[in-house]
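1. Okay, structure incoming, though there's no sequence with it:
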């Protein structure tokens, strides 16, 4: 009987010692999930941070100002400022705007302006070399009109192009062929045309 009690006492002491040794050790607990409910990417135990992709917004294309010349009151050439999309081919942009004709707003602001360039005219090309602008129009540019109309359309082109410092004179082409005698009016264009060739008939309205 005494022997049994001794064994029970020894077992109780052993259990107490075991609890004392292991009482300060706790099993690692899993980390709580992120507050946003997302599961982070894990690489070698570290959380990977993904940087946001930057969105690049292209800058808006600005405009450039050119002067277009119209026939004013049937007797003068009037220069009107116009904004056109910015382009390295500024002479081409100006001529295309000239062919399109004056806007409704321009006609309201300057009620007497018009264009002598025939409807349907197309710009086929323009090059500038050695101070000479070579301008190629479709055949409509040469059609119709009397002497004043024919001369005025040439003056509109010359005045519009000579605003640019790289242009000293203008040669006219129709459908790729250099024009020496222009239209049924027989205007002779055997040299590059300049401001002085039109100043008397269609002076610029100051």
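-> It's in. None of these values were measured; they are calculated from a predicted model. Numbers count the residues shown, from 1 in each chain.
2. ok, which stretches of the chain are strands?
-> For the chain, the strands defined by DSSP state E occupy 42-43, 46-47, 63-72, 76-85, 113-114, 123-129, 132-137, 169-174, 177-178, 181-182, 187-188.
3. Between those, which one is closest to residue 202.
-> For residue 202, the closest of the strands of the chain is strand 76-85, at 4.9 Å, according to CB to CB. Bear in mind the C-beta positions are built from the backbone N, C-alpha and C, glycine included.
4. in the closest one, what counts as buried?
-> Residues of strand 76-85 classed as buried: 76, 77, 78, 79, 80, 82, 84 (neighbour count, 16 or more other CB atoms under 10 Å).
5. what do you get for stretch 132-145?
-> 133, 134, 135, 136, 137, 138, 141, 142, 145.
6. got a list of contacts for it?
-> 91, 95, 116-128, 153, 157, 161, 167-176, 179, 182-183, 185, 192 (CB atoms under 8 Å, 6 or more residues apart in numbering).
7. Tell me where the protein has helices.
-> Using DSSP state H, the helices of the chain run over residues 2-22, 90-100, 104-109, 147-161.
8. so where's the chain uncertain?
-> The model of the chain has pLDDT under 70 over residues 1-61, 206.
9. rerun at 90
-> 1-62, 73-75, 84-88, 110-111, 145, 200-201, 205-206 (pLDDT under 90).
10. what bridges to the residue found closest to residue 156 once you drop the neighbours it is linked to in the chain?
-> In space, and not counting its chain neighbours, residue 156 is closest to residue 69: 4.9 Å by CB to CB, 6 or more residues apart in numbering. Applying DSSP bridges to residue 69 gives these bridge partners: residue 79.
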